[in-house]
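In: Sequence first, predicted model second:
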Amino acid sequence: MTAAQTKVLYGFHAVGVRLRTTPDSIVEIYVEGTRRDARMRGFLAKAQEANVRIIEADGLRLSKLCASHGHQGVVALVNPIVMAHSLDDLLDDLPVASPALLLVLDGVTDPHNLGACLRVADGAGVHAIIAPKDHAVGINASVAKVASGAAETVPYFMVTNLARTLNELKERNIWVVGTSEMAPASLYESSYVGATAWVMGAEGAGLRHLTQKTCDELVSLPMAGGVESLNVSVASGICLYETVRQRRAKAKGLI
């Protein structure tokens, strides 16, 4: 693995998840030499148990390494984790008893929003996030920091043609559900116990017209207050966990 292929993670959560799940992929960890509080001591103990190389550095060097001042005194140089090479490979390998749960982001370009979406997707057990190459942000150090480790666990596929990809999902009998404040039915009026792909647009802009047309169904999130829309990560969490709720209820024979 060459230096050009390695990447940077920073912050206790992002580096901690990599340390817990795949410590062998960590090349080295840089820590702020003046920080010796309980959180740092616990982190260092885990790094030493995993036999990871630790290098002390000052805050300025850490900021230069990760291009951010939000490193919390921890920056890691890591090798990429090998995930599924393609969306098709991932879907082909899903167990029959585990219906697909996908999150599709149309027009989400803010790194903090993507990071938050990755985090909620990880919590809900999403198999992958899909985004168009021309209307999305890629996984970078800022995204990984906000994701708190979820960028290491949730596959993220950027596709050339989102509408075509949605049609391919439909050919696999994956129900494609878009969210729109104009939709007459709410998300609580449909079933998501089968294979489902939730399609979310950026706050304000919403889904592009062609994306809306390609969805099997459009639903809205009930809004009782004065605001017109929710942040995309919040909306994603609501929809994904409604799916989780329904699937668990079905498994218990409640629906």
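Out: Yep, it's here.
In: Okay, strands next: where are they in the stretch 151-255 of the chain?
Out: According to DSSP state E, counting those that start in this stretch, the stretch 151-255 of the chain carries its strands in the segments 156-159, 175-179, 196-201, 217-219.
In: In the sheet, which strands lie alongside the second one, parallel or antiparallel?
Out: Partner strands and pairing direction for strand 175-179 (DSSP bridges) are strand 196-201 (parallel), strand 217-219 (parallel).
In: mind checking how far the shortest one is from the chain centre?
Out: Going by Cα atoms, centre = their mean, to the nearest Å, the spacing between the C-alpha centre of strand 217-219 and its chain's C-alpha centre is 22 Å.
In: Touching it from outside, list them.
Out: By Cβ atoms under 8 Å, 6 or more residues apart in numbering, the surrounding residues in contact with strand 217-219 are 175-180, 182-183, 185-187, 189-190, 212. All C-beta atoms are positioned from the backbone trio N, CA, C, and that covers glycine.
In: for stretch 74-93, what is the average pLDDT?
Out: Per-residue pLDDT over stretch 74-93 has a mean of 86.
In: Could you pull out the buried residues of it?
Out: Buried positions in stretch 74-93, judged by neighbour count with 16 or more other Cβ atoms under 10 Å: 74-79, 87, 90-91.
In: Also stretch 114-131?
Out: Buried, per 16+ other Cβ under 10 Å, within stretch 114-131: 114-122, 124, 126-131.
In: Among the buried residues of stretch 74-93, name the ones in strands.
Out: 74-78 (DSSP state E).
In: Tell me the one of the contacts of strand 217-219 nearest residue 230?
Out: If you rank the contacts of strand 217-219 by distance to residue 230 using Cβ to Cβ, residue 179 comes first, at 9.6 Å.
In: Now do the same contact list for the residue sitting furthest away from the middle of the chain.
Out: In terms of distance from the mean C-alpha position of the chain, residue 34 ranks first, at 32.6 Å (Cα atoms, centre = their mean). Residues near residue 34 by Cβ under 8 Å, 6+ apart: 58-59.
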